[in-house]
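[1] Let me see the structure of the following:
(chains A and B)
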Amino acid sequence: MIAVGLAVSLISMALLGHEILLMRLLSIAQWHHFAGMIISLALLGLGAAGTFNTLFQKWLIPRFHRVFCLNALLFGLALPATVGAARLVPLNPLEILWDPRQWLYLLQTYLILLLPFFFGGNCLSLALARFKENIHRIYFFDLLGAGAGALGIVVLLFVLPPWECPPILSMAGFAAAGLVLLNERGRRCRMAGIFTILCGAVFPLIWPQGGAFPNVSPYKGLSAALLAPGARIVAERTSPLGWLAVVESPVIPFRHAPGMSLQCTAEPPAQLGIFVDGDSMSPITRFDGDLSSLAFLDCLTSALPFHLLKNPRVLVLGAGGGMDVLTAKVNGAGTVDAVELDANVISLVGDTFGEYSGRLYGDEKVRLHAAEARSFLSRTDTTFDLIQVSLLDSFTASATGGHALSESYLYTVEALTDAYRRLAPGGCLAVTRWLKVPPRDSLKLFATAVRALDRSGVASPQGQMALIRSWSTTTLLVKKGELSGKDLERIRDFCAERAFDIDFRPGLEPGETNRFNVLDEPYLSEGAQALIGERREEFMERYKFAIEPATDDRPYFLHFFKWRTLPEILSARGRGGLPLMEWGYPVLVMTLIQAVALSLALILVPLFFLERERSAGMNGGRIAVYFSALGLAFLFMEMAFIQKLILFLGHPIYAASVVVTGFLVFAGLGSRCAAVLSRAMTPYGPNGNVLTILAAAAVIVIVSILYVIFIPGLFGRLASAGDPVRIVVSLVLIAPLAFPMGMPFPLGLKMLGESQPACIPWAWAINGCTSVLATLLASLLAIHLGFSAVVIFAAALYGVAALSAPGLPHRNPAANMRE
Amino acid sequence: MSRKSTGAFLVILLLSMAAGGVVGAADDPYDAARAKMVREIEDDARRTSERIGKTALDPRVMEIMARVPRHEFVPAAERTYAYENRPLPIGYGQTISQPYIVAVMTDLLEVGSESTVLEVGTGSGYQAAILAEYVRSVYSIEIIEELAESAAERLKRLGYDNVRVRTGDGYHGWKEHAPFDGIVVTAAAGHIPPPLLDQLKPGGRMIIPVGGPFFVQQLMLVEKDEQGKTRTRQILPVAFVPLTGGH
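    Prediction:
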């Protein structure tokens, strides 16, 4: 049985690894909104496997070893094959609302990509059904494997590009099949087992490599850039954070100068473009020491703070290709601290193209930090004269997939409060964003800044803020101190020379704004006035986009969708109304609806068959409630803690890995001990299993409530701790929660195993489907209510599970004794 | 004439009328579809009136939209959708814009029969054809050689002799034929090139659709006054007020 256990671990490891891999690959090929959508549906393959096994278990379980091996082999083959096949489907999500054919292509993509999850899920659910006396041990192997997979894939993605990884994961499938064969009696089986393992070992070498490179959508920035004559990729790097491609376009230069003044005759010098996952270009500007070649930098709205400050100590958040660092240097900054999350980007600008960038990142005045922006802000104790954030949208990579909207901890009230705290007296925070019409994020940012200033004890924020606008960018300036008459004069001159509009400054006259870059109505200046005034809540309520400030508990800065605008936007489709819709939220809801529909089908179909065949006492309703509640609660808890710890651990990938692995390993240990505990509890009541479940649920509820109350304070206390301490603290916090969380599921299965074993694959199907729903629902809940609410919901769901536990079918001890 | 020959003559007459009817019917699907498209655009324009500053688009523009065979400008695979009010892919990551947007942009340009117009980003050539129908000459620049060549060939075949297409970087405009009464910049602009602004006549207009390939978020109108100073206006193609309850 150990062999089967290890095989289960391998499959589980490869399944989780593949999920994360698909997220990477799809983000490169398309956009991560749609990647999340596709992943969620693919995961339903696990539920489908459970349903399939429920229906055919009478035939499958007696042939367990053969079926397991076959599925493990198919799993191994399907991993790279499906990735290759999916890229051939001409899916273009941009056309989905225009072209009904795209729905067909989407369906094809789902069906192709769910295959590995189906085969892998078959293996797991069959193993649980076959070894029902040792379910907790099998489940332990399952969780352990998943934990290893979460960590392993991150390590692998540092070493290999994502498109070369599927054949590596295939090795696990082959090894699993081989192990089970080796375990069989008979020399032929054992020989077959060894042969299979050897095949697995050489598989990555024989699988054709070229086929798997993602088909980057022709509508992404990288594809467009490469269409220019002579354009080519001159460097590539890959990590779990993203695939970087540096493009050189000698014939038709990039000329990247966001919102450059129309009065400016300067042209940007040659630039190289760094594309992240085929989009989001950040340029490396050529600098050979000749400052006059960089005159264009002074024509951008982001140059404003340099006209107010002399030789400032600058902090650049999101350094990218270095344009802000260059601006700071050109304007005589005293020192520049540049924060960039992706170490590969730093290496590209500093080393590979060091010469090209004029040794920008090697400059003595420039200090580089490979860190996440918000994390740096909260850990540093230096003060700065200028904190510059330009056109940065921090995307946290989702370890569990299914997130259609990205969390951003940089544009929350707490983050801006932190930033304000880091300013020296008289210093400025300058945030530049692309202009959207009608304004959305500019107004949300303004509202966030006002609230942050309120929290920092500023009596009248309006004296310290300025908002300027070019034809495509806005720059918000927040000063630590009142904007003086001289400051206002400088702002006025800066804008007049460049034909920028001032949308907010203390003492703004009506008629002074919206002159050069005219919006239909002075939405931005009217909005800013409203947001600073007494009736800001009313304004935010009336506005057709969601512009309430984001907080650390609800870190969804890019969420603008309001349900009540949907009818208006849809009816305006023919008149170009669709771009008004912010896609993240509707895609999330659509994915959820599809997932619910599919899940219901997958869960209800087997129930129909089961109820008909089995005798009374099955109580399908209770089983469904129990396992659904568990499926939702486990992932709610896990996802909420990933988010809480992303801030604490300071890095989206590492946080996700530590939390996921920690949860899975401790839950695995909990599951292993569940049987022991259950036996220990037997003398105390009618059913030891039920008692253990109740005890576990009680612990979970108490611990999670304590965490919601005390964790923010605890993290605040540990603000200056180093990384190793933080990781240890995180694991210490995870353990008492995850350990009891690992018990209810295997115990429930054990109870089924003793009385209604036919229901085991069905319970697995329910668990699979609700896990998928959980990732989507958790996002939705978090957007509306925050992560603390998600934790409370999870605790409540464990309570629901505990209450339905006594109703689960179980062996009657009295009946046993009579036998 | 004998009875037989009269009969034969009548038969031939009837047959040729039938044949003519068949040939006529073959053109019908596109004609009918195009007329429907124009009606839809007129309806939409009425509903957007405030935002674009008028109750209807210039009748000249609508009349041209009813004439130009849009189906000639889309790939064969997309012909069935040519007259739907939606953008269509034309290859190389480019699209032909939604007809409503094309109509609004042409209308906003406010050029006349004596005008010279520059287009940066030829794409399929549809916008150039629309303009060519009523201005004096159109000069169009396209970065992607294949698109430039096929657009040029197509425009020539359809009889648009007053359009010149060349392959190249539109950043520096087309100095030989400057200044222009109107400039349309459909290629994604990292920033608005100063040379293009220079080549715009005082009193002229430049239109730039802002957004992605399938989604035009807003239309940016650049106006140059008689003194040479420029001003931009952001125009939403759809009537949308971001505040409920009026303001």
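[2] Residue ranges in chain A under the pLDDT threshold?
    Where chain A drops to pLDDT under 70, the residues are A:210-211, A:394-404, A:612-618, A:811-819.
[3] which stretches of it form strands?
    Counting by DSSP state E, one finds strands in chain A at the ranges A:232-239, A:242-248, A:271-276, A:279-285, A:313-317, A:335-340, A:366-370, A:384-390, A:423-434, A:465-469, A:473-479, A:501-504, A:517-519.
[4] among the ones you listed, which is nearest chain B?
    Chain B sits nearest to strand A:517-519 of all the strands of chain A, at 4.5 Å, using CB to the nearest CB. In this view, the C-beta of every residue, glycine as well, is placed from N, C-alpha and C.
[5] Name the spans of chain B whose pLDDT lies under the cut-off.
    Using pLDDT under 70, the flagged stretches of chain B are B:1-28, B:48-55, B:188-190, B:245-247.
[6] can you list the domains in it?
    Recorded structural domains for chain B (assignment: automatic domain parsing) are B:1-67, B:76-247.
[7] which of those domains sits most buried?
    Mean neighbour count (mean count of other CB atoms under 10 Å in any protein chain shown) peaks for domain B:76-247 among the domains of chain B, with a mean of 20.
[8] how close does residue A:533 get to chain B?
    14 Å (CB to the nearest CB, to the nearest Å).
[9] so how many other residues sit close to that residue?
    12 (other CB atoms under 10 Å in any protein chain shown).
[10] Number of residues surrounding the residue lying closest to residue A:118 once chain neighbours are set aside?
    The shortest distance from residue A:118 to any non-neighbouring residue, by CB to CB, 6 or more residues apart in numbering or on different chains, is to residue A:45 (4.1 Å). Residue A:45 has 24 neighbours, counted by other CB under 10 Å.
[11] so which strand or helix has the residue nearest to residue A:519 when sequence neighbours are not counted?
    Residue nearest to residue A:519 in three dimensions, not counting chain neighbours: residue B:234, with 5.3 Å by CB to CB, 6+ apart. According to DSSP states H and E, residue B:234 maps onto strand B:230-235.
[12] Contacts for that strand, please.
    Residues from elsewhere that reach strand B:230-235, judged by CB atoms under 8 Å, 6 or more residues apart in numbering or on different chains: A:262-263, A:437, A:471, A:499, A:515-520, B:51-52, B:108, B:197, B:200, B:210, B:218-225.
[13] Mind checking what helix or strand follows the longest strand along chain B in sequence?
    Longest strand in chain B, counting residues (DSSP E): strand B:200-211. Using DSSP H and E, the helix or strand that follows strand B:200-211 in sequence is strand B:216-224.
[14] residues in contact with the residue minimising distance to the centre of chain B?
    Central residue of chain B (CA atoms, centre = their mean): residue B:127, 2.9 Å from the mean position. Neighbouring residues of residue B:127 by CB under 8 Å, 6+ apart: B:97, B:102, B:105, B:106, B:119, B:184, B:186.
[15] What about these, which are in strands?
    Those of the contacts of residue B:127 lying in strands (DSSP E): B:119, B:184.
[16] In helices, which of the contacts of residue B:127 appear?
    Using DSSP state H, the subset of the contacts of residue B:127 located in helices is B:102, B:105, B:106.
[17] I figured the first one was touching residue B:130, is that so?
    Yes - here residue B:102 lies in contact with residue B:130, judged by CB atoms under 8 Å, at a distance of 6.4 Å.
[18] what's the overlap in contacts for these two?
    Each of residue B:65 lies in contact with both residue B:102 and residue B:130 under the rule CB under 8 Å, 6+ apart.
[19] before we move on, back to that, quickly run through the sheet partners of the strand holding residue B:234, with directions.
    Using DSSP bridges, the strands paired with strand B:230-235 are strand A:517-519 (parallel), strand B:216-224 (antiparallel).
[20] could you dump those to TSV with distance to residue A:135?
    Putting the strands paired with strand B:230-235 into TSV (distance: least, CB to CB, whole Å) gives the following:
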stretch	distance to residue A:135
strand A:517-519	63
strand B:216-224	55
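[21] Strands of chain B, start to end?
    Shown for chain B, the strands assigned by DSSP E span residues B:88-91, B:94-96, B:116-120, B:137-142, B:163-167, B:180-185, B:200-211, B:216-224, B:230-235.
[22] Which one, of those strands, ends up nearest to residue A:83?
    Closest approach to residue A:83 among those (CB to CB): strand B:88-91, 24.4 Å.
[23] what's that closest one in contact with?
    By CB under 8 Å, 6+ apart, the residues outside strand B:88-91 that reach it are A:92, A:95, B:73-75, B:78, B:81-82, B:95-96, B:123-124, B:146-147, B:213.
[24] Which ones among those residues lie within helices?
    Filtering those for membership in helices, criterion DSSP H, returns B:146, B:147.
[25] List the contacts of the nearest residue to residue A:341 once chain neighbours are set aside.
    Leaving aside its sequence neighbours, residue A:341 sits nearest to residue A:372 (CB to CB, 6+ apart; 5.2 Å). Under the criterion of CB under 8 Å, 6+ apart, the neighbours of residue A:372 are A:339, A:341, A:394, A:409, A:650, A:651, A:652.
[26] List only buried entries from these.
    By neighbour count, with 16 or more other CB atoms under 10 Å in any protein chain shown, the contacts of residue A:372 hold A:339, A:341, A:394, A:409, A:650, A:651, A:652 as buried.
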